[in-house]
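Visitor: Quick one: sequence plus predicted model below, questions after.
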Amino acid sequence: RPGQNHHPAGPSTPPSSPPTQSLSIQRQLYERDFPLYKQPVEVGHFSLDSERRFFNDARQLRYYVEPEKSCPNFDLRDGYRGRFVKRDDRVKEKLDHILRWILANRSKLQSKDTAASSSPCALGVDIVTWRGHLTKLLTTPYETREGWLLAVTRMGGTLYISEVETEAARRDRENRTERHEEMMYWGYKFEQYTCADDAQSLPDPGGVVNTNEAFCTVVQTRLAEHRLLFSGEVDCRDKDPKAPSPPANYIEMKTSLEISTPKQRSNFHRFKLLKWWAQSFLPGVPRIVAGFRDHDGVVVSVETYHISKISQLIKNETNCWKPTVCMNFCCEFLSFVKSVVTEDDPRVVHLFSWDPHRDVTYSIHRDSQYSFLPDWYVREMTS
Ligand code: A3P
Ligand code: MG
Ligand code: MG
């Protein structure tokens, strides 16, 4: 049935009928009740060291230290030349770190209820992906500039979703201005001013900023009928030993240009808070600490945002985003993927593609450049 569109609000498609060809992103289709989103549970974590090596532990987790003054005057440009080791972003790691974590923690995943039920799904989850890929899905109904490509493979009943860099994104990456390159450093520098290696020590602004280093949480949750397992980088945690257990003790650090006009405030609410909300809401990170900076990269104020209060904050904004549209679209996309990707084969990739002002479409690739599940993972999971 060529050209047939997947209708989100319509009656569910019987399992035997052929999948629809595209998914509409029109916002009004997704303006309904907020879907069930279970409180995310941390099932594990891992660390990537200064050389991007994987460790099945929390060695890279840092501790938030509140700045002494409300106007801290952190100079985010400091160390850009001389004390900065930048991760090589030409290297595409795909899902490899998450897959490594899965192999090291398989026993924790195959929970009792999964073992008891006659689930055809070996891992006990429907979707494995990065939090960042889900963030892109959540913001898609409001995105007007950047499209995306998501490669999907079904293996053992689980759908693995891994991003593919678009041509446009590759061009942008290869043609960044010197100013843009430096500004990408500022966010990491802010983390260095506010995060310490353990609960007792202080931040070390004189050290090296190395963006290979990361601490990642692995969470399990459910979006309507979709059981999700995903991982996301976490900037730091609350250092109070009495703080709640993860992910409720995690804190996301952000920087943004200081707000000085009503127009700037409105744009901050409409565009930046959408991305900030989506990124932290997904893994259940409750707080964002934002450093507002001037054009020279000096932080002039620091503010805390509670994720649960962001929807209130934006309510008076005209033409603003709605959390329910984001979540319903993501849910519908996952249903669309499930209906399309029925062949269970690590060598087959369905490449889902979206450009602003278009529907989501897909193409099928067997033994292609898009295959992303490594042999070491397939071998281990099928033995
Ligand atoms: P900001 O958060 O202050 O923008 P994250 O906030 O997700 O922990 O990312 C840390 C920093 O990485 C960001 O700081 C920004 O400097 C850089 N960064 C992250 N994603 C980026 C992107 N898509 N493009 C450019 N820089 C990015
Ligand atoms: Mg981060
Ligand atoms: Mg951050």
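Guide: Yep, it's here. Ligands and ions are numbered 1, 2, ... in the order given.

Visitor: Just give the number of residues close to D57.
Guide: Residues lying near D57 (other Cβ atoms under 10 Å) number 12. From N, CA and C alone the C-beta is placed, and that goes for glycine too.

Visitor: Please verify my assumption that it contacts D49.
Guide: No: counting by Cβ atoms under 8 Å, D57 stays clear of D49, with 10.6 Å between them.

Visitor: Quick check: beta-bridge partners of the closest residue in space to L334 that isn't next to it in sequence?
Guide: Sequence neighbours aside, H226 is the residue nearest to L334 in space, at 4.7 Å (criterion: Cβ to Cβ, 6 or more residues apart in numbering). In this entry, H226 is beta-bridged to L223, by DSSP bridges.

Visitor: now the closest residue to ligand 3 within the stretch 51-200 of the chain, what's its secondary structure?
Guide: Residue of the stretch 51-200 of the chain nearest ligand 3, by Cβ to the ion: G187 (6.0 Å). Taken by DSSP: H, G, I helix; E, B strand; the rest coil, the conformation at G187 corresponds to helix.

Visitor: confidence score at the closest residue to F54 other than its chain neighbours?
Guide: The shortest distance from F54 to any non-neighbouring residue, by Cβ to Cβ, 6+ apart, is to R100 (5.1 Å). pLDDT for R100: 98.

Visitor: just to revisit the earlier point, just the pLDDT for the residue nearest to L334.
Guide: Residue-level pLDDT assigned to H226 equals 98.

Visitor: and it, what is it in contact with?
Guide: 126-127, 331, 334-335, 338 (Cβ atoms under 8 Å, 6 or more residues apart in numbering).

Visitor: and the residue of the stretch 51-200 of the chain closest to ligand 3, what does it touch?
Guide: G187 neighbours (Cβ under 8 Å, 6+ apart): 253-255.

Visitor: Filtering those residues by proximity to ligand 1, which remain?
Guide: Counting by Cβ under 6 Å from any ligand atom, 254-255 from these sit close to ligand 1.

Visitor: Turn the contacts of G187 into CSV, columns for distance to L138 and neighbour count.
Guide: Conversion of the contacts of G187 to CSV gives the following (distance: Cβ to Cβ, whole Å; neighbours: other Cβ atoms under 10 Å):
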residue, distance to L138, neighbour count
M253, 20, 23
K254, 17, 20
T255, 21, 21
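
Visitor: nearest to F268, of the contacts of G187?
Guide: K254 (11.1 Å; Cβ to Cβ).

Visitor: Look up which residues are beta-bridged to the closest one.
Guide: Here K254, judged by DSSP bridges, has bridge partners A290.

Visitor: Now do the contacts for it.
Guide: 187, 276, 288-291 are the contacts of K254 under Cβ under 8 Å, 6+ apart.

Visitor: For these, which single residue is the most surrounded?
Guide: That'd be G291 among the contacts of K254, by other Cβ under 10 Å, with 26 neighbours.

Visitor: Excluding chain neighbours, give the residue nearest to that one in space.
Guide: V299 (4.2 Å).

Visitor: how many neighbours does the one you found have?
Guide: 24.

Visitor: I figured it hits F190, correct?
Guide: Yes: between V299 and F190 there is a contact under Cβ under 8 Å: 6.5 Å.

Visitor: hey, C-alpha coordinates of whatever helix or strand the residue nearest to G291 lives in in CSV?
Guide: When elements are assigned from DSSP states H and E, V299 belongs to strand 299-306. Once non-C-alpha atoms are left out, strand 299-306 reads as follows in CSV (Å, rounded to 0.1, in the frame of the first residue of the first chain):
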residue,chain,number,x,y,z
VAL,A,299,29.7,33.3,33.8
VAL,A,300,27.7,36.1,35.4
SER,A,301,25.0,34.1,37.2
VAL,A,302,24.1,30.5,38.1
GLU,A,303,20.5,29.2,38.4
THR,A,304,18.9,25.9,39.2
TYR,A,305,16.0,24.6,37.1
HIS,A,306,13.8,21.8,38.4
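
Visitor: Briefly note if the next helix-or-strand element following that strand comes near ligand 1.
Guide: Per DSSP H and E, strand 299-306 leads on to helix 307-313 as the next helix or strand towards the C-terminus. No: counting by Cβ under 6 Å from any ligand atom, ligand 1 has no neighbours in helix 307-313; the shortest distance is 14.0 Å.
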